[in-house]
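Enquirer: have a look at this prediction, sequence included:
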Amino acid sequence: MTTDSASTDNSVYISAEGLERMKEELEELRNIRRPEVAEMIQRAKELGDITDSAQYDAAKNEQAFLEGRIRQLEDNVRRAVIIEDQGDQADGQVRVGSTVVVVDSDGQEERWTIVGRAEADAASGRISNESPVGSALIGKKKGDTFEIDIPAGKLGFTVSAVE
């Protein structure tokens, strides 16, 4: 799988486990949360005049949020491209699914796994292939250096391992 154009296509790069979690969330929203919210709206209507009902407004807002999330998940599932296990990566290039160890210009080591935006979680070391660091890493090999622009200037890195 080539991911160099990841930021220009409409694919949602995701692990098999991430896709499964996304499908589970979608099913829960459709089959559990949607009926719950519909029931909240119905109860609010039964209370009488809904023109100034905070309970009704809250339920309708929850419904709008829920339906938006369902549409987003449906779209992501439809456009999902499974990130295959990179194995030994004979060419040693960073791609979506790679785990990369980098050393910054201050000598600090960081370890990141490059994932699609749907699974990105910087606090867990999972960065999007569309993020500044993630997109700069795509195609790099062990020993390569690169810089990214940050508000305070440029930040330099050296790739010390690609797994």
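Expert: Done, it's in.

Enquirer: low-confidence stretches in the chain?
Expert: Low-confidence segments of the chain, defined by pLDDT under 70, are located at 1-8, 85-90.

Enquirer: ok, longest strand in it?
Expert: Ordering each strand of the chain by length in residues (DSSP state E) puts strand 153-162 first.

Enquirer: in its sheet, what does that one sit against?
Expert: Strand partners for strand 153-162, identified by DSSP bridges, are recorded as strand 99-104 (antiparallel), strand 145-150 (antiparallel).

Enquirer: now mean neighbour count and distance to residue 72 too, for the ones you listed, in JSON lines please.
Expert: In this view, the C-beta of every residue, glycine as well, is placed from N, C-alpha and C. Putting the strands paired with strand 153-162 into JSON lines (neighbours: other Cβ atoms under 10 Å; distance: least, Cβ to Cβ, whole Å) gives the following:
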{"stretch": "strand 99-104", "mean neighbour count": "18", "distance to residue 72": "27"}
{"stretch": "strand 145-150", "mean neighbour count": "12", "distance to residue 72": "28"}
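
Enquirer: any chance of these in TSV, plus distance to residue 18?
Expert: Putting the strands paired with strand 153-162 into TSV (distance: least, Cβ to Cβ, whole Å) gives the following:
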stretch	distance to residue 18
strand 99-104	15
strand 145-150	25
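
Enquirer: what about the longest helix in the chain?
Expert: The longest helix of the chain (DSSP state H) is helix 54-78.

Enquirer: tell me what that helix is packed against?
Expert: In terms of contact count using 3 or more Cβ pairs under 8 Å, 6 or more residues apart in numbering; DSSP states H and E, helix 54-78 is assigned the packing partners helix 16-28, helix 34-46.

Enquirer: residue 91: which of those helices is closest?
Expert: Each of those was checked against residue 91 via Cβ to Cβ, and the shortest separation belongs to helix 16-28, namely 22.5 Å.

Enquirer: in the closest one, what counts as buried?
Expert: 18, 19, 22, 26 (16 or more other Cβ atoms under 10 Å).
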